[in-house]
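Sequence plus the predicted model coming up.
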Amino acid sequence: MLTAKLLGIAAAAALAMGGLGAGVAQAESAPGCSSTVQIGSTAYIKDGGETAASVKQFKGCGQNWAYIYMWTAYLAHHSNFYLTAAVDAGAEGLGFVRGNKNQREVWSYGTNTLTMCTRAAGDITFVNGPMLYTETDTRC
């Protein structure tokens, strides 16, 4: 009984740390802005039936921001990729940032688009492979 209880505690701790779980993004704030809040829903990049990454839109410091985070379980068996985040204001992506190779999370640059309808866009581009893409819902 004690062994089962200890195994349960260990499993819960592993899930909390992302070792066995999907690894939910814990974005605190955009670079250079300590007061961002998420707006709209979270979008998910799927690879087959597996969740690969979360894409979110934030507002703060008078700007909009896009954020992408690769999930722990997916990262455990994928490499050679680039993450990209941008704020989509209709015509093109703004604040576009492409992370370094195998960088797990990326923030776009802040954009002066609070008076516009926007959504966050994010993608995973694999070296010599496919690109996976999603966008959040539009917020006005």
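That came through fine.

what helix or strand does Ala43 sit in?
strand 37-47 (DSSP states H and E).

pLDDT weak spots in this structure?
The chain contains residues with pLDDT under 70 at 1-28.

how about the strands of it, start to end?
Per DSSP state E, the chain carries strands over the ranges 37-47, 50-60, 63-70, 81-88, 93-98, 105-107, 119-126, 131-135.

Please work out which of these is packed deepest.
Mean neighbours per residue, mean count of other CB atoms under 10 Å, is largest over these for strand 63-70, with a mean of 27. All C-beta spots, glycine's among them, are computed from the backbone N, C-alpha and C.

hmm, who's touching that strand?
25, 27, 30, 33, 36, 39, 45, 52-59, 78, 81, 83-87, 95, 104-114, 118, 120-124 (CB atoms under 8 Å, 6 or more residues apart in numbering).

ok, 7 Å please
Contacts of strand 63-70 with the rest of the structure, by CB atoms under 7 Å, 6 or more residues apart in numbering, involve 25, 27, 30, 36, 52-58, 83, 85-87, 95, 104-108, 110-114, 118, 120-122.

again with stretch 48-61
The contact list for stretch 48-61 (CB under 7 Å, 6+ apart) reads 22, 25, 27, 30, 33, 35-40, 42-46, 64-71, 74, 110, 114, 118-120, 122, 124, 132, 134, 136, 139.
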